[in-house]
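**Student:** test case, fold it:
(chains A, B, C and D, ligands or ions: 4)
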Amino acid sequence: MDFSSAKQFDLHRRMVRIRLFEEAAGRLAEANKLPGFLHLYVGEEAVASGVCGALNDDDHITSTHRGHGHLVAKGGDFNRMMAELMGKSTGYCKGKGGSMHISDTSLGMLGANGIVGAGSPIAVGAAFANKYRGRGQVAVAFFGDGSTNIGAFHEAANMACALHLPIVFACENNEYGEFTPRDKTMAITDVVDRAAGYGMPGVIVDGMDVIAVHEAAVEAVERARQGGGPSMIEAKTYRFYNHHGVQNLGLKYRSDEEVAVWKLRDPIFTFEDRMIENGVATRANFDDIWAELRADIDNAIQFAEDSPYPTPDQITVNVYTSMTGAN
Amino acid sequence: MDFSSAKQFDLHRRMVRIRLFEEAAGRLAEANKLPGFLHLYVGEEAVASGVCGALNDDDHITSTHRGHGHLVAKGGDFNRMMAELMGKSTGYCKGKGGSMHISDTSLGMLGANGIVGAGSPIAVGAAFANKYRGRGQVAVAFFGDGSTNIGAFHEAANMACALHLPIVFACENNEYGEFTPRDKTMAITDVVDRAAGYGMPGVIVDGMDVIAVHEAAVEAVERARQGGGPSMIEAKTYRFYNHHGVQNLGLKYRSDEEVAVWKLRDPIFTFEDRMIENGVATRANFDDIWAELRADIDNAIQFAEDSPYPTPDQITVNVYTSMTGAN
Amino acid sequence: MSDERKLTYAQAFNEAVSQMMEADPDVFCAGEDIGAFGGVFGTFAGLQAKFGEKRVVDTPISEQAIVGLGVGASVTGLRPIVDLMFMDFICVAFDQIVNQAAKLKYMFGGDATLPMTITTAGGGGLSAAAQHSQSLEALLCHIPGLKVVMPSNPYDMKGLMISCIKENNPTVMIKHKRLLGMSAPVPTEAYGIPLGKGNIIRPGKDVTIVAYARMANEAISAAKELAEEGIDCEIIDPRTLQPLDTDLIIDSAKKTNRVVVAQEAVRFGGLGAEIASQIQELAFDYLDAPVSRIGAPFSPVPFSPALESQYIPDAKSIAKGVRDVMARR
Amino acid sequence: MSDERKLTYAQAFNEAVSQMMEADPDVFCAGEDIGAFGGVFGTFAGLQAKFGEKRVVDTPISEQAIVGLGVGASVTGLRPIVDLMFMDFICVAFDQIVNQAAKLKYMFGGDATLPMTITTAGGGGLSAAAQHSQSLEALLCHIPGLKVVMPSNPYDMKGLMISCIKENNPTVMIKHKRLLGMSAPVPTEAYGIPLGKGNIIRPGKDVTIVAYARMANEAISAAKELAEEGIDCEIIDPRTLQPLDTDLIIDSAKKTNRVVVAQEAVRFGGLGAEIASQIQELAFDYLDAPVSRIGAPFSPVPFSPALESQYIPDAKSIAKGVRDVMARR
Ligand SMILES: Cc1ncc(C[n+]2csc(CCOP(=O)(O)OP(=O)(O)O)c2C)c(N)n1
Ligand SMILES: Cc1ncc(C[n+]2csc(CCOP(=O)(O)OP(=O)(O)O)c2C)c(N)n1
Ligand SMILES: [Mg+2]
Ligand SMILES: [Mg+2]
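**Tutor:** Ligands and ions are numbered 1, 2, ... in the order given. Model prediction:
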């Protein structure tokens, strides 16, 4: 496939937004300004961006504990995201969810999830509803390599295939689950080998190459939209920071060389080089984009810092929807 | 492989014992003499027999809701089994477990199980212990086609492969889960297609042919015993009676023709014909065997009927082991 | 008179689902063997024939994904009814129920509505042994975000099930297996019974029995027996266990001054503990005797009818509990 | 003096495991990231280096299979310690815990012994939000066949963990995340604290506070504050929640005549309800006030520190509960 320069800028912008948001969040965490856990998406930007770039606004995604990237890629608002990470009342979840539950159902982003694997069955439900309504919407389940070892993933993949639902399973294979390498927890190298066991097609793509991801995503999403059923994309990728937070907690579970090699393949910088090489963009274009988005991030931090904390009377609000249904 | 005539008689005897036990249980159930649910193994005898015939006494098996066949094949005692089905105190579980929890840990039979898929993780634990102790014991997880759609199966299969355990996954694919045909609940035809996704080898065998099952089992069990890790056997088989009980509950979910075609392939009768053809046995041999085992069943029914029910003071006994460990 | 038309508890459930499916195209059902087969207890009988495979869906044996289907479909605007054949199987789907369905709205700061109903069948009495006979409602009632309903008769079943389907929060409708065949007059029109409202099944002045699901019926038998002994029982069936109709219970406790709470579940840590605690907190000065709890002993449900029949509380054990409470001074 | 050696709560756990692994070659550990990494809370630190990969096993993210591993390995003769990183994840493995581990022995008529320990980390206070902060012990305590332990300090941690490992039944050891760094004297030798035996942390005469895990420490702070107001609190830490040391609690209630039960879990349907119910059943005539329950409000655990700090009960809320109970006449 050949993508327009507008599309390339669009994918690039999604990636830069993720990078800037995550690095800002990392800095704030290091300065002890963010409560709770923080799982950064830096290094994996091409996956969320390439996939979400293939989606419509009313398509759905489910996410993982590493969810900021997905929300940003689906169009998330920096202000409300940053406020949520700080636990402020202006945040996406009014401070009730935090990093691990960040979500925007109006953007079809059905939540980061603190339970590994739990997002996939929810994506199946969204896909079911989309097929049921027949408006051509698609659902994407993002999930990590490690999560494919948990039962919920398996049930979701099989049910989606059995019911022939419009869904894409998008695996971010970063070769680790927390601090444990893939080869200790599964006897296969490629997660996509599991697709055949459900009866769906699967492809492996270079998860550091946003165009490769996007091409695969366009195909998978179109298949789903046209009634062709589920499929799986395995993006080989890498997280540049630690499982959570930024530091390595003093313990080395990956070699410096391994990290360095992957960093050479930075999905944003390599893509920028390529766009320049292909004459699609100039360095100056990128400087402008980074500057513009940096300003957005600065504003978001300001917004979040200026925002009030929720008040204790909010603790028992939003547990239930108070009115009953329409009928 | 070529099996001795003694081995062939052994496999045949296991099958006949299952058949007789199950048909007796079915008749008792129809006469309202058995409380609770009853999932009969008739039609599938070649699977349990072929596999358990490849095991040593100290190897372990886990079973399913359809568990009598597995216990009989592992050497279960008719008297204690029949007494358990009747809820008597002389039963294997002292009347506390019934059909769905029938078990004999001294025979390595770690229980029928009322939760679909739940036996497989337990088999993984047994396999782990066997590897840990290094005495060359093997574990077999029996499971149905339908159970491969549940998360517990998936986690067990993956963990067994990740830890390279001495285990065999033995699938009884009878094409139905309760009253729903396989093609409504999975988009693949052969369960064994799932094996590759865990990184283990798998084979399909004719589950109506005890020799075919046994050959595959010998190979898989030996592989496990020698440190070659997990593998999967998918036996294509069929249950002659209903999901539970004997009747079809008035509702047809399988055609008469389908049932009739499978019955032509009765695993016992076809095997007897073959043994006679091959000059290994005579009809008279079989008549003797059936008569002997029929007498065993009649005795077991008598034993069970004569046995007392447990007394109410037993309700709160066996909830806990009372002494603590040795250290 | 149409009110005299009788339905079984199972039929009342079925009619509620059917009427709501007629009224609202967003309502659908999914579960194991509920399609052509109509569910192993027959509670979904005929629905697929009437509404088609699109709206009455047979699923794989995948309880986590079944509940997940309900979560995802409800949060994107449908009104799912997802069935877990036996209540014991909530354990297999527990993460999706407890950590997803119950919490999504809250974790999203309100930005989610989950009008889903989980239906299941609980309780013992069928010699179905330890994994097919449990009463696990206490586990669900401890989880903020869920509503939990356990009807004791066909009339309540229809009204409560309609309310569950209309409810914009995740509800769990627990059918009692031993009540499926119970027959009683049920109106033909669609009516709701508000969630969270209990019912005084029998007014009385001497002692209050709080009992739900099958135990409510056992309480009725016990009350008849006790009436002959001159003990006038008031029976309260909370019907909804979460939210619990505390006011109704407390008012009755203040009136009768003596309370027995009866549940089929294991006594330790059951819902009866919560009810008893609330009563002693809110009606302490009115109590002439400790609130007494009737429940199963501390063991799994045994298989043998010889054991199970003694394990499950019944009219006899409730009556004994009442007599003990009355004897107290 | 060796008794003066101090360990943190996390180290006490680690030492208990280490000493039992030394003593018994059948003891092994399995869980996510517990090997080279030593567990996300460091509680398994150094064990793989000491005992090797065979005995300290990193597993896939497969909570059902992790518990199943424990069930299968224990029933075939080993003594597994299986770790579920966060208590919230018991929901993912709930079937293996509730329907398998807890019931196998009973369903087999006694023909099974399951000397397995499930370890996990519960409680809030780390802004870890609704799926990583729960206190779900009440769910486990309602299930016959399990034993449940929640230590409140390093000394109890070591002794209880050793008893769990030696125990021939499935136990659940719940570490409290906020206590991991708590330091106190812990003897170097291997010692057990009997499961089912509570502890009078502080003797007192005016009122009894029953509190466990982190709340026991909050109760100590509350008692100090209340002592200055002239209120003498007796604090009972049950330590084991299943089986519960009812006698110790009832004796204290009979002595002080007033009881406050404090738990971090959601109040409705929590273990406090069982404790309060038992007290009013067994010490009714001794009570000068209703048994009061302190617990979290009926909502999931909120993320923002501004909310979570108000959500989780603490010394202040316990002290207020005590004052209210004392004011009652
Ligand atoms: C059910 C469950 N088990 C364990 C965890 C702890 N945990 C959080 S993230 C994680 C690793 C996930 O690995 P993967 O799916 O590969 O995603 P990645 O972090 O690599 O993006 C684990 C084990 C959890 N949150 N939920
Ligand atoms: C977790 C769970 N879900 C559903 C059931 C109800 N159930 C019992 S047997 C069965 C069908 C199992 O099918 P399969 O695994 O193919 O075994 P088969 O009965 O065909 O031998 C079902 C759905 C159950 N016992 N456990
Ligand atoms: Mg990963
Ligand atoms: Mg089958």
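**Student:** so what's the residue count around A:Ala157?
**Tutor:** Here the count is done by other C-beta atoms under 10 Å in any protein chain shown, and A:Ala157 has 32 residues near it. C-betas here are computed from N, CA, C, even on glycine.
**Student:** just the element for it, please.
**Tutor:** helix A:151-162 (DSSP states H and E).
**Student:** quick one: that helix to chain centroid distance?
**Tutor:** Centroid separation for helix A:151-162 versus its chain: 20 Å, with C-alpha atoms, centre = their mean, to the nearest Å.
**Student:** doesn't C:Ile236 fall inside a strand?
**Tutor:** Yes - C:Ile236: assigned to a strand according to DSSP: H, G, I helix; E, B strand; the rest coil.
**Student:** for it, which non-adjacent residue is closest in space?
**Tutor:** For C:Ile236, ignoring the flanking residues on the chain, the nearest one in space by C-beta to C-beta, 6 or more residues apart in numbering or on different chains is C:Val210 at 4.9 Å.
**Student:** mind checking what secondary structure that neighbour has?
**Tutor:** Under the three-state scheme (three-state DSSP), C:Val210 adopts strand.
**Student:** okay, it and chain A: tell me how far apart.
**Tutor:** 24 Å (C-beta to the nearest C-beta, to the nearest Å).
**Student:** what's the neighbour count on that residue?
**Tutor:** When neighbours are defined as other C-beta under 10 Å, C:Val210 has 31 of them.
**Student:** for the helix or strand just after the helix holding A:Ala157, packing partners?
**Tutor:** Next helix or strand after helix A:151-162 toward the C-terminus (DSSP H and E): strand A:167-173. Helices and strands touching strand A:167-173, by 3 or more C-beta pairs under 8 Å, 6 or more residues apart in numbering or on different chains; DSSP states H and E, are helix A:45-52, helix A:119-133, strand A:139-144, helix A:151-162, helix A:210-225, strand A:231-236.
**Student:** looking at those, which is closest to C:Asp111?
**Tutor:** Proximity to C:Asp111 (C-beta to C-beta) singles out helix A:119-133 among the helices and strands packed on strand A:167-173, at 14.5 Å.
**Student:** just the C-alphas of the closest one, formatted as CSV.
**Tutor:** The C-alpha trace of helix A:119-133 is given here as CSV (Å, rounded to 0.1, in the frame of the first residue of the first chain):
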residue,chain,number,x,y,z
GLY,A,119,-9.5,-6.4,28.0
SER,A,120,-9.8,-9.0,25.2
PRO,A,121,-13.2,-10.4,26.3
ILE,A,122,-14.5,-6.9,26.5
ALA,A,123,-13.3,-6.2,23.0
VAL,A,124,-15.2,-9.3,21.9
GLY,A,125,-18.3,-7.8,23.5
ALA,A,126,-17.8,-4.5,21.7
ALA,A,127,-17.3,-6.4,18.4
PHE,A,128,-20.5,-8.4,19.1
ALA,A,129,-22.4,-5.2,19.6
ASN,A,130,-20.9,-3.7,16.4
LYS,A,131,-22.0,-6.7,14.4
TYR,A,132,-25.4,-6.8,16.0
ARG,A,133,-26.0,-3.2,15.1
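**Student:** which other helices and strands does it contact?
**Tutor:** Right, helix A:119-133 is packed against strand A:60-62, strand A:139-144, helix A:151-162, strand A:167-173, helix C:63-75 by 3+ C-beta pairs under 8 Å, 6+ apart.
**Student:** need the CA coordinates for the helix holding A:Ala157. PDB is fine.
**Tutor:** Presented in PDB, the C-alpha positions along helix A:151-162 are these (Å, rounded to 0.1, in the frame of the first residue of the first chain):
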ATOM      1  CA  GLY A 151      -7.200 -17.900  30.000                       C
ATOM      2  CA  ALA A 152      -9.200 -14.700  29.200                       C
ATOM      3  CA  PHE A 153      -7.200 -14.100  26.100                       C
ATOM      4  CA  HIS A 154      -7.800 -17.600  24.900                       C
ATOM      5  CA  GLU A 155     -11.500 -17.500  25.500                       C
ATOM      6  CA  ALA A 156     -11.800 -14.200  23.800                       C
ATOM      7  CA  ALA A 157      -9.900 -15.300  20.700                       C
ATOM      8  CA  ASN A 158     -11.900 -18.400  20.400                       C
ATOM      9  CA  MET A 159     -15.300 -16.800  20.900                       C
ATOM     10  CA  ALA A 160     -14.500 -14.100  18.400                       C
ATOM     11  CA  CYS A 161     -13.700 -16.700  15.800                       C
ATOM     12  CA  ALA A 162     -16.700 -18.900  16.700                       C
END
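**Student:** centroid-nearest residue for the chain?
**Tutor:** Looking at chain A here, since you left the chain open. A:His70 (2.6 Å; C-alpha atoms, centre = their mean).
**Student:** try chain C instead
**Tutor:** In chain C, the C-alpha nearest the mean C-alpha coordinate belongs to C:Met150, at 1.2 Å (C-alpha atoms, centre = their mean).
**Student:** wait, that one touches C:Gln242, no?
**Tutor:** No - applying C-beta atoms under 8 Å, one finds C:Met150 not in contact with C:Gln242, separated by 10.1 Å.
**Student:** and the stretch 101-250 of chain A, which residues reach chain C?
**Tutor:** By C-beta under 8 Å from any C-beta of the partner chain, the residues of the stretch 101-250 of chain A that approach chain C are A:101, A:103-106, A:110-111, A:113-115, A:118, A:120-130, A:132-133, A:139, A:151-152, A:155-156, A:158-159, A:162-163.
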